[in-house]
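1. Pasting the sequence and the predicted coordinates here, then a few questions.
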Amino acid sequence: MISKKMTKALNEQIVLEGYASFLYLSMASWFDKEGLEGSAQFMRRQSDEERAHMLRIFDYLSEVDAHAIAPAVKQPPKEFDSVQEVFEMVYAHEQKVTQSINKLLTIAKSESDYTTENFLQWYIKEQREEENLMRSILDKIKLIGNGPQSLYYIDKEVEAVNNAELDGASETEDL
């Protein structure tokens, strides 16, 4: 049996994951408007991934006989000043999600909720990977610089990261 405190906290995580999905979709639209197709595809994939994270928690709550609540998600920003700003926002949001997952794990441990603790382990690994990915993209953006031609190279780098992630995902699915 899952506690009311844990159910509430997991429903709050659903909201956070849902917001990330819409934030990244908004960023994909901005990238598309700016002619940065590689970055738009990357953010669309990230949006889909965040929605999957949200649904994973939603389904878990149902599995443990708790009430999952569909989130009300606030409107994300739709305009951004730069590619670097977008990825700084993504990195900061992923850090926020990591902190939230850590708090969920703390609750699970304090309540001896081993089932939820086990469920959250997947998110711990996923967040480490997400933060590392965003940090590496930011590092590349900083190396390439801010000149007008740099947008082309940044977009190609993000597109290459996206393709590598897709290739890695299809290899994992084959196993």
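-> Arrived safely, thanks for sending. Numbering: from 1, shown residues only.
2. which SSE is N146 in?
-> Per DSSP states H and E, N146 falls between elements, in no helix or strand.
3. give me the number of residues near it?
-> Residues lying near N146 (other CB atoms under 10 Å) number 12. C-beta: built from backbone N, CA, C; applies to glycine.
4. my read: M6 touches K109, true?
-> No: counting by CB atoms under 8 Å, M6 stays clear of K109, with 11.0 Å between them.
5. out of those two, which sits in the more crowded spot?
-> Taking neighbours as other CB under 10 Å, M6 and K109 compare with M6 leading, 21 against 13.
6. and the more buried one, what does it touch?
-> 66, 104, 107-108, 111, 113, 116 (CB atoms under 8 Å, 6 or more residues apart in numbering).
7. in the protein, what spans have low per-residue confidence?
-> The chain contains residues with pLDDT under 70 at 168-175.
8. gap between the spatially most central residue of it and Y19?
-> The chain has E50 as the residue nearest its centroid, 4.7 Å off, counting by CA atoms, centre = their mean. Taken as CB to CB, to the nearest Å, the spacing of E50 relative to Y19 amounts to 8 Å.
9. If you count neighbours, what's buried in the helix or strand harbouring F87?
-> Using DSSP H and E, the element containing F87 is helix 83-110. If you call a residue buried by 16 or more other CB atoms under 10 Å, then helix 83-110 has these buried ones: 83-84, 86-87, 89-91, 93-94, 97-98, 100-101, 104-105, 107-108.
10. Thank you kindly, that will do.
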